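Colleague: Give me a model of this one.
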Amino acid sequence: MPVSSNGTSPGVRTRLLRGYGPVAALAALVVIVALSVPSKVPTKRAVSTGPGNGASSQTFQGGPSAAGSTGASGSTATGTPASGGATGSSGQAGAAGSTVNTPGKVLPCNGQTQQIPGDPYSPACVTFSGSNGGATSTGITPTAVNVAVRLTTDQSFQNTLAQLAGAQLRDTNADNQRTIQAMADYYNSHFQFYGRKIVLHFYTGQGSLGNELQGYGQAAAEADAQTDKSLGVFADLTAESEPFATALWNQHILGFGDPYMPNFWHQQHAPYDWSLATDGTKVATEAANYVLNKMCPAGTPAAYAGGSMHGAPRKIAGIAPQNELYKVSADVFHQILGPCSTGQYYYQLDLGTESQQAANLVAQLKAGGYTTIVCGCDPIFPVYLSGQAAQQGYYPEFVEIGAALVDQDYVGQLYNQQFFSHALGISPNAPTLPYTQTIGYAAYKTQRTDEPAFFVNIIYLQFDMMAIGLEMAGPNLNPQTFAQGMFNFSPRQGPAGLWGWNSSQYTIPNDVREVCWSPNTVSAYNGKMGAYINTNGNQRWTIDNIPKGAPGCPIPKS
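Modeller: Prediction:
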């Protein structure tokens with residue numbers, strides 16, 4: 001389907017109003033749960049922290065330390081909370097500090113400040129004794145926090161990326177499920193859950209994640225949410241499409257992982273939907289402020305473009321998936337840029353037609369004389385876009401916005417390198433580390449001796465976000481105290497940016513850094529050619545303090 005070259009959204013059928021969110025394809029956690037299992041019978045797996053489960057108290061470099069941490073059973077650790085600590089009086093609700101009708105006691109640790117020393121996002125260390133109040137909410141028992149993991153029988157997005165990247169990105173179903181379980185084991189043995197443990201319920205759903213991300217599959221998503229309800233869970237770790245996240249919200253089940261939904265959507269769904277994927281309104285604002293302060297006004301020289309466009313007066317266009325929810329964020333982007341942006345183009349998130357769409361889009365952009373492209377794209381579309389652009393001799397400045405894995409070395413390596421050498425933009429993540437030095441990999445190795453899934457660090461961060469809310473809520477756990485606990489969390493800087501939440505912020509991160517693509521730099525992550533490099537001493541900027549001035553990236557050879 002042709003894309004639009006004007007500033008208004010093309011007609012979108014009603015079904016797309018309930019389809020995938022902005023920049024949704026393979027949004028951070030999609031790859032975790034595109035799994036299949038042979039049976040559709042739900043399996044309930046309680047976890048053990050005993051020696052037979054591979055738990056360890058070893059200390060490892062660059063990651064959390066298990067030594068002296070407080071387990072889910074309420075064993076006493078040592079230290080004083082750095083922030084958010086509870087008082088020692090009876091009936092206090094953990095780090096959230098709200099009063100509950102339980103006889104249990106929450107006390108600061110003696111000699112240990114963090115729940116997990118070495119984890120930059122770890123809340124203050126607290127101990128607990130006594131009763132936790134029992135069944136404080138649906139899915140909560142005196143001993144369990146019941147959490148669903150929906151498995152789907154399609155792997156279209158992960159398989160497509162894996163085929164483009166090679167086997168390195170292909171995790172088997174066993175890899176993913178084993179890694180998810182290991183993370184539950186890890187957090188049960190390291191965080192304070194007031195006598196409870198996370199109990200995972202794996203099941204194969206009726207829904208197709210690929211369909212849902214492309215705007216279909218609402219009925220199946222609703223059926224899967226009914227399965228969650230029948231399982232009696234408190235939360236679902238796999239709410240990575242808008243239809244499924246909304247269906248869970250309707251069942252009053254917490255969902256984690258929605259793909260870049262705009263801010264108003266999160267406000268509507270409060271306190272049930274949370275995500276590592278920054279809300280789309282904030283992504284659009286960050287990207288617009290970066291372009292506004294670094295590349296505007298229109299007509300400034302396009303120093304990072306290649307070929308005949310190098311140094312030509314800037315003419316800026318945006319690209320986005322054709323979707324009404326994403327258009328909300330795209331409109332924010334253009335409102336901020338004003339006359340600096342002169343075009344908006346849309347494409348359909350359809351893996352079967354993205355190649356042809358890219359060819360048509362490149363022809364339109366080239367004919368329009370656009371020197372600078374701001375791409376709010378899924379990670380696969382730029383594969384086709386960059387290839388078609390190289391074929392047509394079109395090398396504009398390419399601004400990536402730090403979403404949907406496009407800011408990761410292993411994804412940038414997939415793109416045509418002659419085209420992508422002109423890429424720059426923003427990233428919420430810290431500089432790249434080798435895969436085996438990530439905090440998620442280190443945590444996995446405290447539980448098991450085999451190798452985790454390729455996306456272990458994303459799985460770790462997803463669990464980290466949920467675990468923070470569980471601990472900060474205190475013993476009286478329910479959706480409202482979970483949210484209040486998140487709001488009481490003191491903002492922290494770490495490998496996935498600045499984390500912190502409030503009544504208008506249900507996603508992370510809260511800051512970005514500038515990055516530039518270098519096709520001739522070896523990636524620290526996988527040792528392959530092609531990597532993002534830092535600028536400005538790796539300074540980080542919050543949404544409204546991106547400084548004015550030219551980008552700090554080296555100007556590529558034209």
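Colleague: what's the single longest strand in the protein?
Modeller: For the chain, the strand reaching the highest residue count under DSSP state E is reported as strand 511-522.
Colleague: Give me the sheet partners of that one and which way each runs.
Modeller: strand 423-427 (antiparallel), strand 529-534 (antiparallel), strand 541-542 (antiparallel) (DSSP bridges).
Colleague: mind saving the C-alpha coords of it as CSV?
Modeller: Coordinates of each C-alpha in strand 511-522 appear next as CSV, following Å, rounded to 0.1, in the frame of the first residue of the first chain:
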residue,chain,number,x,y,z
ASP,A,511,17.0,10.0,29.8
VAL,A,512,19.1,9.4,26.7
ARG,A,513,22.6,9.8,25.3
GLU,A,514,23.8,10.7,21.8
VAL,A,515,25.1,7.9,19.6
CYS,A,516,26.6,7.7,16.1
TRP,A,517,27.0,4.6,13.9
SER,A,518,30.5,3.5,12.9
PRO,A,519,30.6,0.7,10.4
ASN,A,520,34.4,0.3,11.0
THR,A,521,34.2,-0.1,14.8
VAL,A,522,34.1,-3.6,16.3
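Colleague: Show residues contacting it.
Modeller: Outside of strand 511-522, the residues within contact range by CB atoms under 8 Å, 6 or more residues apart in numbering are 286, 290, 400, 402, 407, 412, 417, 420-428, 493, 497-498, 528-536, 538-543, 546, 551-554. The way it works is simple: take the backbone N, C-alpha and C, and place the C-beta from them, glycine included.
Colleague: What's the PyMOL line that selects buried ones from the residues you listed?
Modeller: With 16 or more other CB atoms under 10 Å as the criterion, this PyMOL line picks the buried residues out of these:
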select buried, resi 286+290+400+402+407+412+417+420+421+422+423+424+425+426+427+428+493+497+498+530+531+532+533+534+540+541+543+546+551+552+553
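Colleague: so how far is Ala330 from Glu471?
Modeller: The spacing between Glu471 and Ala330, counted by CB to CB, to the nearest Å, is 37 Å.
Colleague: Same drill for those two, tell me which one is more crowded.
Modeller: The neighbour comparison of Glu471 against Ala330 (other CB atoms under 10 Å) goes to Glu471, with 29 against 24.
Colleague: need the next SSE after whatever helix or strand the more buried one lives in, C-terminal direction.
Modeller: Following DSSP states H and E, one finds Glu471 within helix 456-473. Once the chain leaves helix 456-473, the next helix or strand it forms, by DSSP H and E, is helix 479-488.
Colleague: If you count neighbours, what's buried in that following helix?
Modeller: Buried positions in helix 479-488, judged by neighbour count with 16+ other CB under 10 Å: 479, 481-488.
Colleague: Now pLDDT too, for these, in TSV please.
Modeller: TSV is the format used below for the buried residues of helix 479-488 (pLDDT from 0 to 100):
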residue	pLDDT
Pro479	98
Thr481	98
Phe482	98
Ala483	98
Gln484	98
Gly485	98
Met486	98
Phe487	98
Asn488	97
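Colleague: could those residues go into TSV alongside distance to Thr281?
Modeller: Shown next, in TSV, are the buried residues of helix 479-488 (distance: CB to CB, whole Å):
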residue	distance to Thr281
Pro479	23
Thr481	26
Phe482	23
Ala483	19
Gln484	23
Gly485	24
Met486	19
Phe487	19
Asn488	24
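Colleague: Looking at those, which one is closest to Pro271?
Modeller: Proximity of the buried residues of helix 479-488 to Pro271 (CB to CB) peaks at Ala483, which lies at 3.5 Å.
Colleague: residues contacting the closest one?
Modeller: Going by CB under 8 Å, 6+ apart, Ala483 touches 270-271, 469.
Colleague: 6 Å instead?
Modeller: By CB atoms under 6 Å, 6 or more residues apart in numbering, Ala483 lies in contact with Pro271.
Colleague: Report the separation between it and Thr432.
Modeller: For Ala483, the distance to Thr432 equals 33 Å [CB to CB].
Colleague: and what of Ala245?
Modeller: Using CB to CB, we find Ala245 at a distance of 29 Å from Thr432.
Colleague: repeat for Ile426
Modeller: Counting by CB to CB, the gap from Ile426 to Thr432 is 15 Å.
Colleague: for Trp499, same thing?
Modeller: 19 Å.
Colleague: One more: Tyr326?
Modeller: 27 Å.
Colleague: who's more crowded, the two?
Modeller: Neighbours were counted for Tyr326 and for Thr432 using other CB under 10 Å; Tyr326 has more, 29 against 23.
Colleague: Assign the more buried one to helix, strand or coil.
Modeller: Under DSSP: H, G, I helix; E, B strand; the rest coil, the three-state class of Tyr326 is helix.
Colleague: and Glu397, backbone torsions?
Modeller: Main-chain torsions, Glu397, degrees, to the nearest 10: phi -60, psi 130.
Colleague: what sits against it?
Modeller: Applying CB under 6 Å, 6+ apart to Glu397 gives the contacts 302, 304-305, 372, 422.
Colleague: could you pull out the strands for the stretch 51-200 of the chain?
Modeller: With strands called from DSSP state E, counting those that start in this stretch, the stretch 51-200 of the chain shows them at 92-93, 98-99, 105-108, 126-129, 144-151, 197-204.
Colleague: Val147 reaches Gly232, doesn't it?
Modeller: No - applying CB atoms under 6 Å as the test, Val147 and Gly232 come out as separate, 11.0 Å apart.
Colleague: Looking at the two, which one has more neighbours?
Modeller: Neighbour count, other CB under 10 Å: between Val147 and Gly232, Val147 has more, with 26 against 15.
Colleague: Just list whatever residues bridge to the more buried one.
Modeller: Bridge pairing for Val147 - DSSP bridges - gives Leu200, Ala235.
Colleague: Likewise for Cys516?
Modeller: Leu424, Ile533.
Colleague: Reformat the strands paired with strand 511-522 into TSV and put distance to Asn457 and mean pLDDT next to each item.
Modeller: TSV is the format used below for the strands paired with strand 511-522 (distance: least, CB to CB, whole Å; pLDDT from 0 to 100):
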stretch	distance to Asn457	mean pLDDT
strand 423-427	15	97
strand 529-534	16	96
strand 541-542	23	96
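Colleague: TSV please, covering those and showing distance to Gly393.
Modeller: As requested, those are exported to TSV (distance: least, CB to CB, whole Å):
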stretch	distance to Gly393
strand 423-427	17
strand 529-534	21
strand 541-542	34
